[in-house]
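Student: Return a 3D structure for these sequence lines:
(2 chains)
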Amino acid sequence: MSQHNKPTPLSGFPELLPAQRNAELAVIDHLRRSFELHGFSSLETRIVEPLDRLAKGGEIDKEIYVLRRLQADDEASDSGLGLHFDLTVPFARYVQENAGKLEFPFRRYQIQKAWRGERPQEGRFREFTQADVDIVAKDELPFHYDVEVARVMAEALAGLPLPAMSLQTNSRRLIEGFYRGLGAADPQRLIAITDKLDKVPADAIKRQLVEEAGLDDTRAQQCLRLAQIRTPDTSFVERVRSLGVEHELLDQGLTELAAVLDGCAGIRSDGFRVEANLRIARGLDYYTGTVFEIYMEGYESLGSVGGGGRYDSLVSDGATTYPGVGISFGISRSMVPLLQRGVLTGSRSVPSAVLVALADEASRATSDAVAQQLRARGIPTEVAAAPQKYGRQIRYAERRGIPFVWFPATDAATDQVKDIRSGDQTDADRASWQPPAEDLHPRAVSMHVKEEQP
RNA sequence: GUGGGUGUAGCUCAGCUGGUAGAGCGCUGCGUUGUGGUCGCAGAUGUCGCGGGUUCAAGUCCCGUCACUCACCCCA
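Tutor: Sure thing, here's the model as predicted:
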């Protein structure tokens, strides 16, 4: 390729360097292990869906990438296929298509890319990876699954080597019941207005509630008070009760939200919080009950890095409906800004934990044999490319972040292994030596994460 | 889609009222001939995003274009 047309990055299509990719892989591996620990099956769906299934007349429609063959006839404008813009729509289709072959309740996780033709910004991309967990049942989905899906994602997030996450949750039943108890005519409209509380000042919200939703001053004030309730435990119940509004739906919402908070109570840590946040509403789309949003502490300006909730009628084939509940976590959205700011990276650019030094060409077989013995025990190992001076070979390892250099025995001495970070070099047995567990594979290292306890 | 900003070495950037490019970091080599990192010395690297215009002369001024970027919108 000529240097005169050096390729430039494509905005919105992030690509990572090897060390960064290792950090992303460490996060994906952790999520996968967490989801599977809870018994969720992995699913991969095709990247395209029929356009009539993707496009629903909403805002998202104009962001759909359409598939078209380069040499397609002028007559045929496009293939009628578009790239999926999330993982929920393809999953819904998959459930419907395979309903006869799946066991319900069906619990799956899905870690895949999605595409949106948006104007890129920090944390917003045209191509991005997300991790979704959902549970779908037939006809009825008991509420305890809302708690389960929250707990699965909470546990997965709590162990992530990223800045502290907070899972904020609310119940649309709770707020709708509250608004109905107030005697409001159009609860959906109120939800849309109070949802903006993060961006718009409280008195402006109140003015809108009065002028646009026709509430009187007292009721508007009540709505504001509700939206400002935010607690790390079930104490929100008392605070809502103290507002003095009564409604059957409100009672149900309070009970359910309290169950979610209780269910996640044991998962809180320095790196993870759960909160009831009664202003969370998540637009007006298909959510019907519990709703979630995930925020990354110190990076609230990115907006939510994940979200989800219960959808009672996303999937339906007429006779049967398949209610579900799920949460998605934006891997690209949360990680790429951290990687770009340099506060997160991989511990090394290669998988290798060990570089076996090469004394001279004649002893290559010896070095290869050492490497094979280490690999046989699961230790990622590479052999030095050329018998350069040992200083060069050590530097080769150092540049790549390989923590250990192995010096095969010479006539006079035994095998030795050197930790090039400390400089310590000790005798070692190629048949039993083990690196520390945290050095075995590349890790994601973040300036925000506290040192792990020894 | 609407509006602003910025394009100079691998990276971060400097370059005044126009006079044909610089720093730091990184990189390569040597000091140190089989043990890196520190230090010292030496060295390499650019069609100044692209196209056009003004001018004796353009990185610098003007127009266009492309790319990147920020905000709005929306969201993972």
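
Student: Every contact and neighbour count from this point should use C-alpha atoms.
Tutor: OK.

Student: my read is A:Q110 is in a strand, agree?
Tutor: Yes - assessed by DSSP: H, G, I helix; E, B strand; the rest coil, A:Q110 belongs to a strand.

Student: roughly how far apart are the closest residue to A:R333 other than its chain neighbours and RNA strand B?
Tutor: Closest residue to A:R333 apart from its sequence neighbours, by C-alpha to C-alpha, 6 or more residues apart in numbering: A:G123 at 4.4 Å. Distance, A:G123 to RNA strand B, using C-alpha to the nearest atom of the strand, to the nearest Å: 6 Å.

Student: I'd assumed A:G330 was in contact with A:G123.
Tutor: No - assessed by C-alpha atoms under 8 Å, A:G123 is found out of contact with A:G330, at 9.2 Å.

Student: what's the straight distance from one end of stretch A:334-353 to the other?
Tutor: 27 Å (C-alpha to C-alpha, to the nearest Å).

Student: list the contacts for the residue nearest to A:R333?
Tutor: A:L302, A:S332, A:R333, A:S334, A:V336, A:P337 (C-alpha atoms under 8 Å, 6 or more residues apart in numbering).

Student: Write out the residues of the stretch 201-350 of chain A neighbouring RNA strand B.
Tutor: Applying C-alpha under 7 Å from any atom of the strand, we find that the stretch 201-350 of chain A lies next to RNA strand B at A:282-283, A:294, A:302-308, A:328-334.

Student: By mean pLDDT, which helix or strand of chain A comes out lowest?
Tutor: In chain A, no helix or strand scores lower on mean pLDDT, DSSP states H and E than helix A:187-194, which sits at a mean of 78.

Student: what's that helix in contact with?
Tutor: Helix A:187-194 is contacted from outside by A:175-176, A:179-180, A:205, A:208-209, A:213, A:223-224, A:227, A:279, A:281, A:283-284, using C-alpha under 8 Å, 6+ apart.

Student: now do stretch A:248-265
Tutor: Contacts of stretch A:248-265 (C-alpha under 8 Å, 6+ apart): A:143, A:146-148, A:150-151, A:154, A:169-178, A:181, A:232-234, A:237, A:274-276, A:289-290.

Student: Out of those residues, which sit inside helices?
Tutor: Using DSSP state H, the subset of those located in helices is A:146-148, A:150-151, A:154, A:172-178, A:181, A:237.

Student: Those residues of the stretch 1-150 of chain A touching RNA strand B, which are they?
Tutor: A:3-4, A:8-12, A:59-60, A:116, A:118-128, A:130.

Student: Which of those fall within strands?
Tutor: A:E127, A:F128, A:Q130 (DSSP state E).

Student: is it possible to export those residues to JSON lines including distance to A:G263 and neighbour count?
Tutor: Output for these, formatted as JSON lines (distance: C-alpha to C-alpha, whole Å; neighbours: other C-alpha atoms under 10 Å):
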{"residue": "A:E127", "distance to A:G263": "34", "neighbour count": "19"}
{"residue": "A:F128", "distance to A:G263": "31", "neighbour count": "22"}
{"residue": "A:Q130", "distance to A:G263": "24", "neighbour count": "21"}
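
Student: Closest to RNA strand B out of those residues?
Tutor: Distance to RNA strand B across these (C-alpha to the nearest atom of the strand) is lowest for A:F128, with 5.3 Å.

Student: Write down the beta-bridge partners of the closest one, one by one.
Tutor: Beta-bridge pairing for A:F128 (DSSP bridges): A:A114.

Student: list the contacts for it?
Tutor: A:F13, A:P14, A:K113, A:A114, A:W115, A:G330, A:I331, A:S332, A:R333.
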